[in-house]
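Undergrad: Here is my input; please provide its structure:
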Amino acid sequence: MNGLAEVTNRAILGGLRRRMLAAQSTWVDELRSVLWSLQTTPKIATGESPYSLAFGAEAVLHAEVEITTPRTESYNERTSADGLQVGLDLLEERRADAHLKALSYK
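TA: Below you'll find the model as predicted:
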């Protein structure tokens, strides 16, 4: 329709090619990583990642769970729950801002 499917497919294929060449594996093994990276990377047009616009928070990467980072080291469940609630309260505003940014980008 508007070329979005073609652009997305091209990004997926490009990511798969790079990952398959680097890891010497099959596309099935790499698909999950490529899709995750596309969903958690902020887009230029909106300034937000698709994941954050859907769930109201930034994703914690797998590597941050395995290797302690300041973000995961200072994790507090109570503070996190409060922050998530505030993020959810502001989610509609963030989506509206992202929509306006995407329109102005076009």
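Undergrad: Outside of the helix or strand Arg32 falls within itself, list whatever touches it.
TA: Using DSSP states H and E, Arg32 maps to helix 27-40. The contact list for helix 27-40, computed with C-beta atoms under 8 Å, 6 or more residues apart in numbering, reads 8, 11-12, 15-16, 19-20, 23, 49-51, 58-59, 61. C-beta here means a position set from N, CA and C on the backbone, and glycine is covered the same way.
Undergrad: So how do I select the buried members of those in PyMOL?
TA: Those of the contacts of helix 27-40 that count as buried under 16 or more other C-beta atoms under 10 Å are selected in PyMOL with:
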select buried, resi 15+16+19+49+51
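Undergrad: out of the contacts of helix 27-40, who's nearest Asp97?
TA: Closest approach between the contacts of helix 27-40 and Asp97, by C-beta to C-beta: Ser49, at 13.8 Å.
Undergrad: How is this structure partitioned into domains?
TA: According to automatic domain parsing, the chain comprises the domains 1-40, 52-106.
Undergrad: How far off centre is the lengthiest helix in the chain?
TA: The longest helix of the chain (DSSP state H) is helix 4-23. Using C-alpha atoms, centre = their mean, to the nearest Å, the mean C-alpha position of helix 4-23 is found 16 Å from that of the whole chain.
Undergrad: which is the next helix or strand following the one helix or strand in the chain whose mean pLDDT sits lowest?
TA: In the chain, no helix or strand scores lower on mean pLDDT, DSSP states H and E than helix 62-66, which sits at a mean of 78. Once the chain leaves helix 62-66, the next helix or strand it forms, by DSSP H and E, is helix 70-73.
Undergrad: for that following helix, what is the average pLDDT?
TA: Across helix 70-73, pLDDT averages out at 80.
Undergrad: Spatially central, which residue of this structure would that be?
TA: Closest to where the C-alpha atoms of the chain average out (C-alpha atoms, centre = their mean) is Thr40, at 1.2 Å.
Undergrad: need the contact list for Glu64.
TA: Glu64 neighbours (C-beta under 8 Å, 6+ apart): 71-72.
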